[in-house]
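>>> sequence and predicted model, in that order:
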Amino acid sequence: MNFASTAVQDELAEAALHYLTDRYPPARVAEFAEHGAHDVDAWPELVRQGWLDGDLGLVELALLAQANGTALHPVAWWSTMGAALPAYRAAGLEPPGTVSYGDGSSSCRARHDGATWRLDGHLRQVVDAGYAVELVVAATDGYGPALFTVRTDDPGVTLSAHDGLDPLRRSATVQLAGATGRLLLTGPAADAARVAGQRRAVVLACAEAVGVGQRALAMAIEHAQARVQFDRPIGSFQAVAHRLADSYADLELARSLVYRAAVAVADAEADGASGPTESVDDALACAEVSCPAAAVAACESAVQVFGGIGVTWEFPLHWWYRRALWLQSFHRARTDALATVADALLADSVTHRTTDR
Amino acid sequence: MRLVDTDDEAAFRATLRQWLRDNLPAGVPHSWDTEQRRAWSRRLHTAGYAGITWPREHGGRGLSPSYQAVYAEESALAGAPDHVNVIGIGMVGPTLIRLGSPEQQQAFLPRILSGEVIFSQGFSEPDAGSDLASVRTLARRHPDGWVLDGEKVWSSYAHLADYCLLLARTDEAPTRHRGLTCFLLDMRAPGVQVRPLRQMSGDTDFNQILLDSVVVPADAVLGEVGAGWRVAMTTLAHERGTFGITLTSRLAAELGRLVETVRAVGASDCPIVRREIAQLHIEVQALRYTGYRALTALERTGTPGPESSVLKLRWSLANQRLATLAVRVLDGRPGTDDWYGYWRRQLLRSRTNTIEGGTSEILRGIVAERVLGLPRSH
Ligand SMILES: Cc1cc2nc3c(=O)[nH]c(=O)nc-3n(C[C@H](O)[C@H](O)[C@H](O)COP(=O)(O)OP(=O)(O)OC[C@H]3O[C@@H](n4cnc5c(N)ncnc54)[C@H](O)[C@@H]3O)c2cc1C
């Protein structure tokens, strides 16, 4: 039996957390959030620290994503490492900096224009597009979806950012009007990279959610130990303590599911197309339902435990709460994970398996 | 981190799976009576599946807890019953191995494994449930050892038991946790009376034990006189240890049964049922992988990780929800499924899950204080 992070993985997570908590005290996070800005200067340091290394496994990346959620790291690491990066790597390239992914497989067309590709159409909800140097775009090239990159400073690219719940993670609609595309992958290779990207994005977002919830819980615990009412620390009241214990339980269960999803996806990638997609789908769906929900609940409990302070603009907890809510709506918008699970369980041809070994 | 068995675990699993196939009666029954369970325990013992993690010198296989987990999963999947001596094998045996004298180990361990000697656990009393340190059953010195007077309650399987691991007060010490002592009580000693208590499910598998001037020999003390609290905590730690995996494995098998029931009555398309089943499945998977994390920590460090504290807390709630959903799916369609009686009983039986082995409130308190470091509640 071996289903826990190794000492080396724990070290990686601790080092990441140490770096992030040092660099981003909550007041600084709030500062970035107020201005809807990212710490764009941080990227070279992340590269130096190995956060983009090709040899990091998905479990290691999930641990980094957890740390990002805990610190509410204001950089476009997730949009780079999730859906976009597998496309670069499959094409034997490295991203030129922060990048993101836009799915235009049904709304964008790619055409030959002499020796170059031109892309037309629009991309919805491109996360952190405003910080991306390049976008990976899935567009139809006449045969099927192929993957291209476009530079965001190309004259044919127009971004319009949306205001959302989470100012540290904004999406944009992207208009492509004859934008210059560089072809990355076509055919089955493009399909595989899209699937890999989607799966990784889900795993990392779920891991981030666990980190977000964990931070909210930690803030609440600290407050519950210190705040005195009726001559006692409020953490000695069971109504408070039990609420936090439930948050802890939610988060630990969610953490187990995201580790499982990370390992399942990594195993499937290692096995190539012959990997067991059924258990990958189940692992992803389970994580998608439980992780953001646990994060939202932990933030809501934390707000309650902080009382009046908890609902003020000045107190930074709401930035974490916003991220939790963003993560939940991101997953909801993507798929109905509960329906995925129910379909698999209740399909007449499939019997419920208690073990996927 | 890996999702699959090691080669050795996989081999153990395959052999066990085949053995279960060959040895379980065809058409595994919904519930097993005591005689069937005794016979099953004898078979398990002969085949070497009792005491998988016990040291070899005490008749076990000396394997790591992950093999016990494999056993739990496979036997749940196959619909095999509990060992008739669950308390003996899972709790009293490991406590004897840690704290018993060589004579006690020799006298009890082999017979616990074979199912020859059945144990019960007599900790709770009418006035000492969650607050176990307030036990009042009195043990006074006697020329032949000790004499016991008092009343125990909710003692599972005491009606079948040959012995009881009993917690009694030997000293009216000012600090409540001291002055307690554990005894290995012979249930056939004069003065011991067992009265079955009936649960709302109709089952009568727990009991009241009345002790009226029961004389026990001096060598019936387990551990040291006055150190009974530590003995009891060792026992309860085992109850809350790898047992989590056993509970989760059963829950997974139970969910499989519910899915079949839902299909059988044609409720597969009901949106509410679909959502609830999906939620339960997710909960089962979460418990399962959290159990693996706890088990890995146990194998690496000798103690289960803090995450193990949530297993029983959440298992009990999921088990209750599952049984409730099953009855809701079936109600109004009685007679359409021969599992109806089973599920109705499970529903009523599952209410005990949030009470037995530490109530949910007590478990949340343990998480809050020991894991989260919150101040003690008053
Ligand atoms: C099916 C079953 C089998 C059992 N088998 C055994 C056995 O084999 N051997 C044995 O010794 N015992 C056994 N028990 C007893 C079990 O351990 C106790 O029932 C349990 O510890 C609760 O004690 P109690 O019943 O006295 O309830 P109480 O302690 O009186 O609790 C009543 C209610 O008050 C709450 N409460 C109590 N204290 C607190 C607190 N500090 N904070 C918040 N809430 C609190 C409880 O959570 C509960 O909801 C069994 C019980 C059941 C139901």
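Now that the structure is in, tell me what you want to look at.
>>> for residue B:315, which non-adjacent residue is spatially closest?
residue B:247 (4.6 Å; C-beta to C-beta, 6 or more residues apart in numbering or on different chains). Heads up, the C-betas are built off the backbone N, CA and C, glycines and all.
>>> same question for residue A:246.
residue B:364 (7.0 Å).
>>> and whichever strand or helix holds the one you found, which residues are buried?
In this assignment (DSSP states H and E), residue B:364 forms part of helix B:360-366. Residues of helix B:360-366 classed as buried by neighbour count (16 or more other C-beta atoms under 10 Å in any protein chain shown): B:360, B:363-365.
>>> lowest average confidence, helix or strand, in chain B?
Across the helices and strands of chain B, mean confidence by mean pLDDT, DSSP states H and E is lowest for helix B:228-240: a mean of 85.
>>> export the next helix or strand after it as CSV, just CAs?
In the C-terminal direction, the helix or strand that comes right after helix B:228-240 (DSSP H and E) is helix B:243-264. Extracted in CSV, the C-alpha atoms of helix B:243-264 (Å, rounded to 0.1, in the frame of the first residue of the first chain):
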residue,chain,number,x,y,z
PHE,B,243,-11.3,-0.8,11.0
GLY,B,244,-12.0,2.2,8.8
ILE,B,245,-11.1,0.2,5.7
THR,B,246,-13.4,-2.6,6.7
LEU,B,247,-16.3,-0.2,7.1
THR,B,248,-15.6,1.5,3.8
SER,B,249,-15.4,-1.8,2.0
ARG,B,250,-18.7,-2.9,3.3
LEU,B,251,-20.2,0.5,2.4
ALA,B,252,-18.9,0.1,-1.2
ALA,B,253,-20.5,-3.4,-1.4
GLU,B,254,-23.7,-2.0,0.0
LEU,B,255,-23.8,0.7,-2.6
GLY,B,256,-23.4,-2.0,-5.3
ARG,B,257,-26.5,-3.7,-3.8
LEU,B,258,-28.4,-0.4,-3.8
VAL,B,259,-27.6,0.2,-7.4
GLU,B,260,-29.0,-3.3,-8.2
THR,B,261,-32.0,-2.5,-6.2
VAL,B,262,-32.6,0.8,-8.0
ARG,B,263,-32.3,-1.0,-11.4
ALA,B,264,-34.5,-3.8,-10.3
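>>> go through helix B:243-264 and flag the buried ones.
Going by neighbour count (16+ other C-beta under 10 Å), the buried part of helix B:243-264 is B:243-259, B:261-264.
>>> do the same with stretch B:27-41
B:32, B:37-38, B:40-41.
>>> between those, which sits nearest residue B:299?
residue B:41 (26.5 Å; C-beta to C-beta).
>>> tell me the spacing between the closest one and residue B:49.
According to C-beta to C-beta, to the nearest Å, residue B:41 stands 10 Å off from residue B:49.
>>> so which strand or helix has residue 44?
You didn't say which chain, so I picked chain A. Residue A:44 belongs to helix A:43-49, assigned by DSSP H and E.
>>> wrong one, chain B
helix B:34-47.
>>> list the contacts of that helix.
Outside helix B:34-47, the residues that touch it by C-beta atoms under 8 Å, 6 or more residues apart in numbering or on different chains are B:19, B:23, B:29, B:32, B:50, B:80-85, B:113-115, B:160.
>>> among these, which ones lie close to the ligand?
Applying C-beta under 6 Å from any ligand atom to those, one finds that nothing falls near the ligand.
>>> so which of those is the most crowded?
Counting neighbours by other C-beta atoms under 10 Å in any protein chain shown, residue B:85 leads those with 29 neighbours.
>>> residues in contact with that one?
B:41, B:112, B:115, B:117-119.
>>> repeat that for 10 Å
B:37-38, B:41, B:45, B:50, B:92-93, B:111-120, B:157, B:160-162 (C-beta atoms under 10 Å, 6 or more residues apart in numbering or on different chains).
>>> state the pLDDT value of it.
The model reports residue B:85 with a pLDDT of 92.
>>> how about residue B:265?
87.
>>> now do the one 10 residues further on
According to the per-residue confidence, residue B:275 scores 96 in pLDDT.
>>> I'd say it and residue A:337 touch.
No. Between residue B:275 and residue A:337 there is no contact under C-beta atoms under 10 Å: 11.0 Å.
>>> settle it for me: which of those two has more neighbours?
Ranked by neighbour count (other C-beta under 10 Å), residue B:275 and residue A:337 place residue A:337 first, with 22 against 15.
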